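Chemist: pasted the sequence and its predicted model underneath.
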Amino acid sequence: MRASVDVMGFNNDSKLSPSQQPKLNEERRRLHHEAEVVIVGAGILGCAIAVALGNQGRSVILLEKDLREPNRIVGELLQPGGVAALEKLGLRDCLEEIDAIKVYGYDVIYYGEEVRIPYPANALEDGGKTQENSHTDEMRGTKRKRPEGRSFHHGRFIQRLRQKAMQNENVTVVEGAATELVRSGWTGQILGVEATVQGERSAFYGGLTIIADGYASKFRKEFRKDLPVAKSKFWGLELIDARLPMPNHGHVVLGDGAPVLLYQIGTHETRALVDIPEGLPSASLAAGGVKGYLKNVVIPLLPAEVRPSFQAAIDRDRLRSMPNSWLPPTTNKAPGLILLGDAMNMRHPLTGGGMTVAFNDAVLLSELLNPQSVPMLDDTKLVLKQMRTFHWRRKGLTSVINILAQALYSLFAADDAQLKALQMGCFQYFKLGGNAVDGPVGLLAGIIRQPFVLFYHFFAVALYAIWIYITSASIISMPVRAIGSVGVFWKACVVIFPYIFSELRT
Ligand SMILES: Cc1cc2nc3c(=O)[nH]c(=O)nc-3n(C[C@H](O)[C@H](O)[C@H](O)COP(=O)(O)OP(=O)(O)OC[C@H]3O[C@@H](n4cnc5c(N)ncnc54)[C@H](O)[C@@H]3O)c2cc1C
């Protein structure tokens, strides 16, 4: 094992012509397993950052344990803020030829009552000039430009991203499972990873190692003590030819129980994700297990037109689940290593924010590590300095998405009277329309990047909920409700402040 990495000569061998350098670098990656950057995981984040750094002329090795098309129930709805980041990375065409569906916003169904919350008009960074990422709001008969999201089969999208990485002359994609980190015995600096490639042990060296191995990261625990917290799972079904109340919209179904999501992921396929909290009595074995819960609790909540395809999917499919994890972000402090994507930061997938965070992180990180600012990626002091900047600068977007996902989940999965009051207040707030819709959905879409706006709308919902809670009571019970409203306000604080504080950690 080597004590240091020689990355000299990757891009600055003056004896070589510009056309010879990439070829030499490619040989060094293929034959000697040496690059400026080694990335573990060719998922959402890994592919995006590999292409971004490759485009800057960096020599990149991208390691992926399984290059076959993944078949997962995650990462299927990309918010407009994620589409915009994908465009900045030059990867927008990955959304083409995968039978992706345009998404114009959400339809929230609360005990059978619906409210449409479209993505906000003129909220794009470029004021909606990007034609490809916006549409005219025909449903409202207006001419205002509105941004769009996309939903799709995760595996198809991933394969398009991997294809882009493979086509990049500065990126070499290797199928192999990373098993261990390679460290300098002198300094402790991370020098690369050991991996199993075609049954053989091998080592890959880089001035910088990026770990993007996803939610169950093998390497995370070496760098942080806290573990992801998962209080519920999403159970996934694929509905065939489902009739959704509002095509081209994500659907959130609320009622007695945790939320259900529905969104089309292909011409004929619709994803249903059913949130089931840990230890829920109505999903216990005695009550018929998960299938029993889907049949007895979920089906009656669904719009009538969705029920037949939902029932057919229960009868036909193997049920699959994923933990809904919460992991607050931390600053990368290990010399030679960057932890990114779900390996570093996770939030409840209710708001479909994970990929938007990942693509925006790839944009920001590649800006901070660009060769003009950081000529050598093994300059660990400079890289760590840039990582501190990265930690704070990403918050404008990611703290909003993280806090919103967790807070909204608490309200949508309400399991006590105060949370139920807040849930009802939230739905009634959406019904007010205007800024009461544009603000929250703009935050969720990843296009409003101001934590204060989130704070404002959250407490506006809380106060509106309290107002309804008190005024909907009879005159006699109003004083009791007024006292009870203190509990509702207190609950709102308990819901949001822990997540705000978690974002203030270094
Ligand atoms: C139920 C659920 C639904 C979700 N829905 C959405 C949604 O609709 N929209 C959205 O934006 N986000 C969604 N998310 C979140 C989103 O999927 C993640 O945030 C995103 O995939 C994170 O990207 P990543 O690159 O960090 O990890 P991943 O995309 O999981 O990629 C990790 C990669 O690393 C590889 N790998 C793992 N270990 C190794 C190893 N040892 N060696 C080599 N390779 C390795 C894996 O094979 C994989 O390819 C959802 C999450 C869940 C749980």
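Modeler: Structure received. Residues are numbered from 1 along each chain as shown.

Chemist: wait, doesn't Ala177 sit right on Gln198?
Modeler: No - the pair Ala177 / Gln198 is not scored as a contact, 10.8 Å apart, by CB atoms under 8 Å. To be clear about C-beta, it is placed using only N, CA and C from the backbone, and glycine gets the same treatment.

Chemist: who touches stretch 25-37?
Modeler: With contact meaning CB atoms under 8 Å, 6 or more residues apart in numbering, stretch 25-37 is reached by 5-7, 10-11, 50, 53, 58-61, 169-170, 172, 192, 202-210, 377-378.

Chemist: burial count for the residue of the stretch 101-250 of the chain found nearest the ligand?
Modeler: Using CB to the nearest ligand atom, Gly214 is the residue of the stretch 101-250 of the chain that sits closest to the ligand, at 3.0 Å. Here the count is done by other CB atoms under 10 Å, and Gly214 has 20 residues near it.

Chemist: please apply the same query to His348.
Modeler: By the criterion of other CB under 10 Å, His348 has 26 neighbours.

Chemist: look up how far Ser321 lies from it.
Modeler: His348 sits 14 Å away from Ser321, taking CB to CB, to the nearest Å as the criterion.

Chemist: on that earlier part again, which residue sits closest to the residue of the stretch 101-250 of the chain closest to the ligand, ignoring its sequence neighbours?
Modeler: The shortest distance from Gly214 to any non-neighbouring residue, by CB to CB, 6 or more residues apart in numbering, is to Asp342 (5.0 Å).

Chemist: what sits against the one you found?
Modeler: Going by CB under 8 Å, 6+ apart, Asp342 touches 45, 214-215, 217, 325, 327, 354, 358.

Chemist: wait, is Thr209 part of a strand?
Modeler: Yes - checked against DSSP: H, G, I helix; E, B strand; the rest coil, Thr209 lies within a strand.

Chemist: that one and Leu339 touch, don't they?
Modeler: No - with contact defined as CB under 8 Å, Thr209 does not reach Leu339; the gap is 9.7 Å.

Chemist: between the two, who's got more neighbours?
Modeler: The neighbour count for Thr209 versus Leu339, taken as other CB under 10 Å, is higher for Thr209 (30 against 27).

Chemist: bridging residues for that one?
Modeler: Beta bridges link Thr209 to Val38, Leu337, judged by DSSP bridges.

Chemist: about what we covered before: which of Ala177 and Gln198 has more neighbours?
Modeler: When Ala177 and Gln198 are compared for neighbours, Ala177 comes out ahead with 16 against 8, by other CB under 10 Å.

Chemist: average pLDDT for stretch 201-219, rounded please.
Modeler: With pLDDT averaged residue by residue, stretch 201-219 scores 97.

Chemist: show me where the protein has helices.
Modeler: 20-32, 44-55, 80-88, 154-167, 289-293, 299-301, 307-316, 354-368, 380-393, 395-412, 417-432, 435-444, 451-471, 478-503 (DSSP state H).

Chemist: nearest to the ligand, out of those helices?
Modeler: helix 354-368 (2.1 Å).

Chemist: that closest one vs helix 154-167, what angle?
Modeler: Per axes from the mean of the first three to the mean of the last three CA atoms, to 10 degrees, the angle that helix 354-368 makes with helix 154-167 is 20 degrees.

Chemist: nice, that's everything, thank you.
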